[in-house]
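Undergrad: requesting a structural model of the entry that follows:
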Amino acid sequence: MNQRRRNHYDVTDRVQVSHPGEVARAVCGLLKSLYPQQDLQPLREAYDTFTHLYAGTLPGYLGCDTRYHDAQHSLDCSLALARLIDGHERSVPAEQALGGPRAMLGVIVALFHDAGYIRSTRDTARNGAEYTLTHVRRSAQFIADFLPIIGLGRDAQRAAAIVHFTGYEMPLDQVPVSEPKDRLIGFMLGTADNLAQTADRCYLEKCRDFLFEEFKIAGLAGAPREASAQAPRYRTVEALLENTPDFNRRLWEDRLDGYFGSVHRYMEHHFKGRNPYAEQIGRHLELIARLGCGRQFQKLSKRPECIDAAALRKMLGLSPRVSVAGAEPASRACGLRRTQASFAWQTSGR
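TA: Down below sits the predicted model:
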């Protein structure tokens, strides 16, 4: 692996995962090679809507203001899922294949799996991190509202259930998904979500600089609050960092290698024998364990930048939309009408 990987690039240092167009091209290229007859226009429209939602230019929404769960993470997750799907489809008999429609649906769910952090103009929260404990349910509602607009209304409730494999708002065995291939997509989605964030080049620094801040806003970190039923899990940044190795160990034991059935192995089929995500995660955990022994967290030296609404607008040359307080979100009022602005990747032919 390239040890000089750039902060806003994927584990291969080839795809700029902070840029929706670059990720859309990479993902559509993978799916088109797997399913030449599959119409990917709904997926291209999903990336277009994602861009406006996170940039704060979608009517009724205020854009991304969470620094850890930013646009880059969700884009990275969608790419990781597409790679898992590619590895799966190329390594199983035809009758076990997921197929183009299900694969495309899974990637769309990955793209919007954290949409619940985005505030609407009717929300009273001052920051999206206030929805940390309920964001998956909110994401499910957004997905259910959005899919009919791109012609996938028949899949809306199924997709709204699948997104719960990324969260902790309901026990995994209670997620209402019964079709085995849909559950497999859910396992891949939950795996991609965790691989993408923990293999991020600045994962440890993002925990320090961004995740702790989100947890404080949600009441999960810092000093206890009066009249709050939620006790903080981490009193200090150091406590969060010290717990990172154990959190990841349990994550792999209980979810990735547990309930999700080690579907991360399909990365090895995609990458022809390697899993660069797992390799990067291993380096992160080795480093944080070593630094934690001497409480030398000041040696974490990378300087991450979040891709929030302002950063996304600047990157893409978008103007902020003037939002009216109390206005009905687009998903409710007009079914997420397609916006006037269209991006080049929608007509790239891939």
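Undergrad: can you show me the strands along this structure?
TA: For the chain, strands defined by DSSP state E do not occur.
Undergrad: the residue sitting nearest the centre point of it - nearest residue in space that isn't next to it in sequence?
TA: Centroid-nearest residue in the chain, with C-alpha atoms, centre = their mean: residue 74, separated by 2.9 Å. Distance criterion C-beta to C-beta, 6 or more residues apart in numbering; nearest residue to residue 74, sequence neighbours excluded, is residue 114 at 5.3 Å. Backbone N, C-alpha and C define where each C-beta goes, glycine included.
Undergrad: for the one you found, give its distance to residue 53.
TA: Separation of residue 114 from residue 53 (C-beta to C-beta, to the nearest Å): 11 Å.
Undergrad: run the chain-centre distance for stretch 118-126.
TA: 20 Å (C-alpha atoms, centre = their mean, to the nearest Å).
Undergrad: repeat for stretch 307-326
TA: 19 Å.
Undergrad: give me the contact list for it.
TA: 8, 18-20, 51, 54-67, 70-72, 121-122, 305, 341, 343 (C-beta atoms under 8 Å, 6 or more residues apart in numbering).
Undergrad: now do residue 232, the pLDDT please.
TA: Looking at residue 232, its pLDDT is 89.
Undergrad: report how many residues lie close to it.
TA: 18 (other C-beta atoms under 10 Å).
Undergrad: against residue 141, how distant is it?
TA: Residue 232 is 28 Å from residue 141, by C-beta to C-beta.
Undergrad: try residue 113
TA: For residue 113 relative to residue 141 (C-beta to C-beta), the value is 13 Å.
Undergrad: more neighbours, the two?
TA: residue 113 (30 against 16).
Undergrad: my guess is the more buried one meets residue 77, correct?
TA: Yes: with contact defined as C-beta atoms under 8 Å, residue 113 counts as touching residue 77 (6.5 Å).
Undergrad: shared neighbours, those two?
TA: By C-beta under 8 Å, 6+ apart, the residues touching both residue 113 and residue 77 are residue 193.
Undergrad: residue 20: how many residues sit nearby?
TA: Neighbours around residue 20, by other C-beta under 10 Å: 28.
Undergrad: same deal with residue 156?
TA: 18.
Undergrad: dump the residue contacts of it.
TA: Counted by C-beta under 8 Å, 6+ apart, residue 156 has contacts 143-145, 147-148.
Undergrad: just the buried ones from those?
TA: 143-145, 147 (16 or more other C-beta atoms under 10 Å).
Undergrad: was I right about residue 204 contacting residue 304?
TA: No: using C-beta under 8 Å, residue 204 is not in contact with residue 304; the gap is 9.4 Å.
Undergrad: I'd say residue 32 and residue 38 touch.
TA: Yes: with contact defined as C-beta under 8 Å, residue 32 counts as touching residue 38 (7.3 Å).
Undergrad: re the thing from before, was I right to think the residue nearest to residue 74 contacts residue 72?
TA: No: here residue 114 lies out of contact with residue 72, judged by C-beta under 8 Å, at a distance of 11.1 Å.
Undergrad: I'd say residue 185 and residue 101 touch.
TA: No: contact criterion C-beta under 8 Å: residue 185 and residue 101 do not qualify, at 10.9 Å.
Undergrad: those two: which is more packed in?
TA: The neighbour comparison of residue 185 against residue 101 (other C-beta under 10 Å) goes to residue 185, with 29 against 15.
Undergrad: roughly how far apart are the nearest residue to that one once chain neighbours are set aside and residue 230?
TA: Of all residues not flanking residue 185 in the chain, residue 106 sits nearest, at 4.2 Å (C-beta to C-beta, 6+ apart). For residue 106, the distance to residue 230 (C-beta to C-beta) stands at 32 Å.
Undergrad: between the two, which is the more surrounded one?
TA: For residue 106 versus residue 230, neighbours defined as other C-beta under 10 Å are more numerous around residue 106 (26 against 12).
Undergrad: contact partners for that one?
TA: 81, 85, 98, 162, 185, 188-189.
Undergrad: what is the most widely separated pair among the residues you listed?
TA: 85 and 162 (13.4 Å; C-beta to C-beta).
Undergrad: name the residues that touch stretch 25-43?
TA: Contacts of stretch 25-43 (C-beta under 8 Å, 6+ apart): 15, 24, 44, 78-79, 82-83, 85-86, 89-90, 99-101, 103-104, 107-108, 150-152, 345, 348, 350.
Undergrad: number of nearby residues for residue 205?
TA: 18.
Undergrad: list the contacts of it.
TA: Contacts of residue 205 (C-beta under 8 Å, 6+ apart): 300-304.
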